[in-house]
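*Asks:* Sharing a sequence plus its predicted fold:
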Amino acid sequence: MSDMSTRETVMPGTAPGEDLLIEVTGDGDFQTADMQLSIGPAHPATHGVFRIILEMDGERVVDAHPVIGYMHRGFEKLAEHRDYRQIMALVNRHDWLSGFSNEMGVALAVERMLEMEVPERAQWIRMLIAEWNRILNHLMFTGSFALELGAITPMFYAFREREDIQHMLESATGGRLHFTYNQVGGLKIDLPKGFLRRSAELSAITRARLQDYKDLVLGSDIFQARTVGIGPLSTDVALSYGVSGPTLQATGIPEDSRVTEPYLKYGEIDVPVPVGENGDSFDRFYCLLHRIEASLDVIDQIHDHMPSGPVNVKLPKQVKAPEGATYVRTENPLGQLGYWLESDGGRTPWRLKMRTPSFSNVAVMPHLLRGTLVPDAISVLGSVFFVVGDIDR
Amino acid sequence: MTGHDLAFLVVALVTGGGALLTVTSKNLVHAALFLAVTLSGIAGVFLVLAADFVALVQLVVYVGAVAVLFLFGLMLTRAPIGREALDNQNRGLGIAVSGGLFVVLSVLVIGAFGGTTAAEVGGPRVGDIGMVIFNTWVLPFEVLSMLLLAALIGAILLARRETGDSGEEQAPTRIDMGTAPSMEAERMARLEGGDDQAELTAGGDPGPAAGRGEGRA
Amino acid sequence: MSIAEMANAAAGLAQFSPAPSLLEIGDSFWLSAVLKIAVVLAVFFVVPLVVGYMEHKVMGHQQARLGPMEAGPHGSLQLVADGIKFIQKEDLIPSAADKWVFAIAPGVAMVPAILIFLVLPLGPGIWGVDFELGLFYALAVGSVTTLGILMGGWASANKFSLIGGLRAAAQLIAYELPLILAGIAVALQAGTLSLVGIVEAQSTFFIPGTEINLWYLFPQILGFGIFFIAAMAELARPPFDMPIADSELVFGYMTEYTGIKYAMYMLTEYAGMVSMSALMVVLYLGGWQLLPGVPMPGCGGSGNIFDCNALGVGLGVAVTLGKIMLLTFLMVWARTTYPRLREDQLQRFSWLVLVPLSLLNLAIIAVAKGVF
Amino acid sequence: MATTSPPGVGLLKGLGVTIKQMFKPAVTQQYPHVKPDLPPRTRGVIALMDENCTVCMLCSRECPDWCIYIDSHKETVPPAKEGGRARTRNVLDRFAIDFALCMYCGICVEVCPFDALFWSPEFEYSEYDIDKLLHEKGKLREWMDTVPPPPALDEGADAPGEVATAIEKANQELEAAKAKAAEEARAKEQGEQAPAAGDAAAAAPAEPEVKAGEIDQETFDRLIAEGKSERIARSKAKAAYVKKEKQRLKEQAEQQAAAAPAAEEPKVEAGEIDQETFDQLIAEGKSERMARAKAKAAYVKKQKAKLRAEAEQAGGGDAVEAPAAEGSGEAAAGEAAPSAAPRKADIEVEGAGEIDQETYDALIASGKSERIARSKAKAAWVRKKKQEQMDAEGDA
């Protein structure tokens, strides 16, 4: 077997001409060559076209190489050829689970450049819908993370809740995923009658049902066995990779743009920020689930503050951001979303750069995956929350 | 020729054919699978001879466990699996030894039981076996179980040591994929020293390492 | 436990006289053989479908949905429709696969699953064979299924399949031990390995000082728990479904299988649920007996559970099937509720918890048997 | 972080959750049997009220993925009064939305200034054939029946613009009516007759004049009787009114035409082909079908030009505007004639990296950022080069 001690394997790399050369040297008959396991681009655990190549020794992950770009759609370039109204319909599609928050970021950027006064009511409604959007997003990940660990039921419960919330949001915005409800200077149209009552009702219902997830998932001994201590992320590493959102909060720091750099009217209300301790899979999920509760708290406060009045300002026929640039950061469901908007005064942006939370969260993945087993790799993959469209844009 | 004889003939043919294919098959996994067929065939022979308890023991121990472990071992280790040619220079010696063994065993068995039919012998009842094991042969039985226990503990120990200090035993793995120098340095640091490794599993479950050992044992 | 006691207990196994099966037709060997095969196959193909339908519906309602509703009334023919679909599907064999092994693997997995049904007593007189070594036979034959799974996993030429196959094999080997140890405790108490004999023994196991009989569930509740968990692990049912963990291994050893071969694997899994549940019914739940201490209507006195008329036989079969449904319901319930464990956690659970507990259970039963 | 309950309790709680749910009603909607109850604002399908469409092309231009196709031609409407000017108006020939391309952003509905486009929550129009997702005018018009009335707004909302205006107007009218009633009452008091003041207010005479937005009462009543919603009935009645009005105008026009045949519109007989063009195209190797279509178009164009010239020579009133688009026959043939003159876009300019220093300096001086100035200056340079080249070619 001496001829087996050195072996070279060529595997297709991330780009043409960049094949990975894997050379394994070893002695002894039981030395096994590392195996490459390609999780994705079409794999049940990646919910999207995301690929991660695992180099494995048995079931242990030696190294991991995320391969992104399967869903690249050129959003940033497209945005340079769309006017601001069209951009609203465009940006709610890169992270399709946070459509409203995305549109809002662009609207805020343009408004900031125009130094436009947005009506109070519009700001509060934006917050209300953004929080519901956050809950929708987090419910989705609550279900999908449990599903990746093998529990099928939370997914269905999450969809039951999502269905109610989506129906409510549809009554106001007309959309279930791509709301396209924002416009520069406010919202397209005011809420329909009864929306706020339904919102208060759903807030109570969702809060009551959260206990089910705590009993079924968070408190389950098997769930804890699968997540506690898995893929721990330290605050330093998280910050150096630009990780944000629940993944960062799980490491123990209460960083949340709504609190640290309030936009809209977040400064006037109390936003609870749950934090974890070890930054492991369990803490990430813990933060996710408690962020739903925090959002419900915020929603209840918004109901108490909701003023009356107009929801938009009269716009010129063609909205043109004045020349200059601005950077707007918002706390998207998955973390910090930033839009760098540079305008030359025309009807389209000169440049719209997106800083998306999923990209940073995925970047830290190899660091977390080294040394784990395949099932733990799935636990990490499911708890570092990302949307593939948000990575690739 | 009775139905009994016919059944024996069929089972014997399957067994013999399986054995022949086991040694002639060029694919290791196929050979192991043919071995499983042979062992099942032997269970069939026992059944035909009305030794149902032994037949079932044959099935559970050899087919259910030994053959599976064979395959398990073949798939886990880097044995030449697949369509690689499998051949051996000691073919002649092998034929001679197995032929000799066959002759000796045949002579012994015919000498001991020649002339008696299966019906005359009758299958041993489970109760009888139990009586014999726990009365006459109780000492060898206990000694044997001690031996098995020792083997079990030894296997676990071996498996644990293999993964216990993997930092030293693991052969250096060099992966050239044109990554940035810093990444490369980080990787090398991780592979050479145990520090990063320790950090990765710090506070984590020490289980995976031990668990895998058990899985292999 | 002294050696003499063990010998006595073993001697108890020798007093065996097979009970007659109602499926015997006169003295004709071939006719009754055909009838038995027909009954066994009918049970093999129908009961797993009923269990599968139950799983669909229970899972549906536990997940706030309805489950299948279109094929047949309330979707009751869904699995039949699925079966027809599987037959129509193209039978794909991956080009790199070992075609021969790939093709026969599902059969190797399924045949033992059918063979187990031969010894399962479904009602008074309703069984294929009352085998002296029934329990041992069932466990021994069941272990061969591993081979079929391993073959399928290896022959698919797919990394996910191979890992799945290896996990399945490791899991089956690890859980064979607690399963057999728990079963042996029952055999020890009953004094026989015959499944019919064990049912009979439970009809004559009385609470000391009374005339009320008990099932072995009560003295061996620990053994029942061990057997139940080990059976779920052996069947790779969630939360022990690592061999087919879809989020990790796509579909484990079944990844490359399509059409009828895939259907055979699925049928094996459901038949396994039924046969394992039936074994538990026999070992711990008193077989076809209605309730502890309640004589069967349609049967002779409480002492004799074989002398039944048509009502008794029908009721007996219904009771057995009902108990099987109850146990499979528990398995489905666990499936909807729990995430899956990790392979090494499962192994540790087996070797560090279940095996010592089953040994403890065996010791308790042996001592109790010696004392009473 | 992990909860510190004794082992096994978490597992039992989980079992409790699922078993409790089992006895609660399921939330599944048996879709084809039970239709979902969608809110009125749902973006399901776009409906077209074609009577309202003025072919302003705003929707088509604003559509981010260009899935709206509009064809139209101009018609001259004879002067309403004798001696007035004849007007031209756009007539919608084709309005189609390709729902295979549509991304349901709603911009077209939002920008339509004449309330011709509406959202309907209807969603069941999937097809096996992607071509069938191209909904033409007729189909889009049918969706109008499914457009629900807009929902009432939240209590805290400002009233929408038109409602606010209407309320104001109503208040004014009410004031006027009150004043009038009071006056009449005073007058009638004097005449010793005292009918109720309210009656007088209510009995305001119906306006004899025809207004836009008027409805055809007959149609309205019929539709209401058929059980249609008031909104639909109203919209259809409006449409019916417009149609009737059109009919009336047309009849008027025909009468006038009969009275003065000289004023007839230049009309071209369809179906004939321009032989010259046809031969030429055939010689070029085009298919007969294509050639025929193009030749037809050429014929129509020629004839129109001729007629127009004649009309102009005759000096009869206003010149008829040339149709904006090429002949409809040519558009159907699917190929635009390549224009002979080089267009700016066609000119290739070498050395795209250079900048126009003059522009650059000017921009920097005006306080622009360097980045923007550079990019603008680049564009200016390219523009200049192109202009130069075009000039050069023109000279040649």
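*Replies:* Here it is on my side, so go on. Numbering: from 1, shown residues only, chains lettered A, B, ... in the order given.

*Asks:* only C-alpha atoms for contact and neighbour calcs from this point on.
*Replies:* Noted.

*Asks:* Show me the longest helix that occurs in chain C.
*Replies:* helix C:29-62 (DSSP state H).

*Asks:* after that helix comes which helix or strand?
*Replies:* Under the assignment DSSP states H and E, the closest C-terminal helix or strand after helix C:29-62 is helix C:78-88.

*Asks:* Do that next one and chain D come into contact?
*Replies:* No - contact of helix C:78-88 with chain D (CA under 8 Å from any CA of the partner chain) is absent, the minimum separation being 15.9 Å.

*Asks:* report the angle between the axes of that helix and helix C:29-62?
*Replies:* 110 degrees (axes from the mean of the first three to the mean of the last three CA atoms, to 10 degrees).

*Asks:* can the longest helix along chain B be found next to chain A?
*Replies:* When chain B is parsed with DSSP H, its longest helix is helix B:138-164. No - legend: contact between helix B:138-164 and chain A by CA under 8 Å from any CA is lacking; minimum distance shown is 10.5 Å.

*Asks:* name the helices or strands packed onto that helix?
*Replies:* helix B:207-216 (3 or more CA pairs under 8 Å, 6 or more residues apart in numbering or on different chains; DSSP states H and E).

*Asks:* Let me see the mean pLDDT of the helix it packs on.
*Replies:* This predicted structure assigns helix B:207-216 an average pLDDT of 34.

*Asks:* where in chain B is pLDDT low?
*Replies:* Residue ranges of chain B with pLDDT under 70: B:1, B:76-88, B:117-125, B:159-217.

*Asks:* residue ranges for the strands of it, please.
*Replies:* Under the criterion DSSP state E, chain B contains strands at B:173-176.

*Asks:* thinking again about what came up before, check which helices and strands the longest helix of chain C sits against.
*Replies:* helix C:78-88, helix C:99-116, helix C:259-284, helix C:310-337, helix D:9-22.

*Asks:* Would you mark the buried spots in the third one?
*Replies:* If I follow you right, that is helix C:259-284. C:259-284 (16 or more other CA atoms under 10 Å in any protein chain shown).

*Asks:* now swap in the first one and tell me
*Replies:* Of the residues in helix C:78-88, those with enough neighbours to count as buried (16+ other CA under 10 Å) are C:78-79, C:83, C:86-87.

*Asks:* now do the fourth one
*Replies:* For helix C:310-337, burial by neighbour count (16+ other CA under 10 Å) applies to C:312-321, C:323-325, C:327-329, C:331-337.

*Asks:* what's the answer for the last one, then?
*Replies:* When burial is assessed from 16+ other CA under 10 Å, helix D:9-22 yields the following buried residues: D:10-19, D:21-22.

*Asks:* can that helix be found next to chain A?
*Replies:* Yes - for helix D:9-22, a contact with chain A is found by CA under 8 Å from any CA, at D:10-11, D:13-15, D:17.

*Asks:* Show me which residues of chain C are close to chain A?
*Replies:* C:62-64, C:159, C:238-239, C:245-248, C:250, C:335-342.

*Asks:* Mark which of the residues you listed are buried, thanks.
*Replies:* Buried among these by 16+ other CA under 10 Å: C:62-64, C:159, C:238-239, C:245-248, C:250, C:335-342.

*Asks:* I'd like to check which residues are in contact with the spatially closest residue to D:Gln275 that is not a sequence neighbour.
*Replies:* Nearest-residue entry for D:Gln275: D:Ala295, 6.9 Å, with adjacent residues in sequence omitted and distances by CA to CA, 6 or more residues apart in numbering or on different chains. D:Ala295 sits next to D:273-278 when contact means CA atoms under 8 Å, 6 or more residues apart in numbering or on different chains.

*Asks:* Touching stretch C:92-112 from outside, list them.
*Replies:* Contacts for stretch C:92-112 (CA under 8 Å, 6+ apart): C:141-142, C:144-149, C:151-152, C:155-157, C:256-259, C:261-262, C:264-265, C:267-268.
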